[in-house]
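Peer 1: I need the structure of the sequence given here:
(one chain, ligands or ions: 2)
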Amino acid sequence: MKAESSPPPYRLAAVCLGLLCAALLIAIIALSVYHNACISSPQMAHPLTVPEFICKACPSNWINMNSTCYYFSSDAMNWNESFFYCRFLGANLVIINSDEKQKFVFEHSKETYWIGLNDAAKEDTFMWVDGTKLTKGYWNKRQPDNHEDEDCVTINPVASFQMAWNDLKCSIKERFICEAKALDLSADSLS
Ligand SMILES: [Ca+2]
Ligand SMILES: [Ca+2]
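Peer 2: Ligands and ions are numbered 1, 2, ... in the order given. Predicted structure coming up:
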């Protein structure tokens, strides 16, 4: 006859299963909180502890602004090389189509950088790298001047964000700015 103090094996198995279930439940609750935070944090008045930038992620050496990632290169290349380097990174040379974006890019431009704008196809018709035509420029005084056939555009660390662009020869080596959409880790994108 078995001793009363020794629990039968099935009871031990039941306890183990119970503990496993509890651990799974805790994991599910934790994931659910993260999931909801990713969905709701941009709209919430009091966001949960998971910040928005975790849900819209950029590589570590890129800057995140409004769910777009920006890369300010430290290497200098000519405009074409810069264009293809950005494409190689899955990005584009930056397109600046709002005051907000111009201000942001300008504030981070401590050097001269190529942007995704040129008039190489037709003189004085400036086109962005996505094929759209320039509607508002932020040119420096007396620019663009096409001096000795300048067709590619830079943003420069000058006094005012409103007068920061210059056209340069596309063959000159300058730093450059790439942009790409941030990786969307929110639940919407994963469902
Ligand atoms: Ca030109
Ligand atoms: Ca110029």
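
Peer 1: Strands along this protein, start to end?
Peer 2: Counting by DSSP state E, the chain has strands at residues 56-57, 63-65, 68-72, 92-93, 113-118, 127-128, 152-155, 165-168, 175-181, 183-184.

Peer 1: Out of those, which is closest to residue 86?
Peer 2: strand 175-181 (3.7 Å; C-beta to C-beta). All C-beta atoms are positioned from the backbone trio N, CA, C, and that covers glycine.

Peer 1: Which one of the strands of the chain lies nearest to ligand 1?
Peer 2: strand 165-168 (5.5 Å; C-beta to the ion).

Peer 1: neighbouring contacts of the closest one?
Peer 2: 115, 117, 119, 137-140, 143-147, 150-156, 174 (C-beta atoms under 8 Å, 6 or more residues apart in numbering).

Peer 1: So it, near ligand 1 or not?
Peer 2: No: residues of strand 165-168 are not located near ligand 1 by C-beta under 5 Å from the ion, the shortest gap being 5.5 Å.

Peer 1: With ligand 2 in mind, check whether that strand reaches it.
Peer 2: Yes: applying C-beta under 5 Å from the ion, one finds that strand 165-168 is in contact with ligand 2 at 166, 167.

Peer 1: Distance from the chain centre to that strand, please.
Peer 2: 25 Å (C-alpha atoms, centre = their mean, to the nearest Å).

Peer 1: So which bits of this structure are right by ligand 2?
Peer 2: Counting by C-beta under 5 Å from the ion, the residues of the chain near ligand 2 are 145, 147, 150, 166, 167.

Peer 1: For PyMOL, write a command that selects the buried ones of those residues.
Peer 2: A single PyMOL command selects the buried members of these (16 or more other C-beta atoms under 10 Å):
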select buried, resi 150+166+167
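
Peer 1: correct me, but residue 63 touches residue 69?
Peer 2: Yes: if you go by C-beta atoms under 8 Å, residue 63 and residue 69 touch, sitting 7.1 Å apart.

Peer 1: The two: which is more packed in?
Peer 2: Legend: neighbour count by other C-beta atoms under 10 Å for residue 63 and residue 69, higher for residue 69 (22 against 15).

Peer 1: beta partners for the more buried one?
Peer 2: Beta-bridge pairing for residue 69 (DSSP bridges): residue 64, residue 180.

Peer 1: returning to that earlier point: pull out the buried members of the contacts of strand 165-168.
Peer 2: By 16+ other C-beta under 10 Å, those give 115, 117, 119, 137-140, 143-144, 150-156, 174 as buried.

Peer 1: among the residues you listed, which are within reach of ligand 1?
Peer 2: Answer for the buried ones among the contacts of strand 165-168 near ligand 1 (C-beta under 5 Å from the ion): 119, 151.

Peer 1: check contacts around the residue minimising distance to the centre of the chain.
Peer 2: Using C-alpha atoms, centre = their mean, the residue of the chain that lies closest to the mean C-alpha position is residue 69, 1.3 Å off. Contact analysis of residue 69 by C-beta under 8 Å, 6+ apart lists 58, 59, 62, 63, 91, 179, 180, 181, 182.
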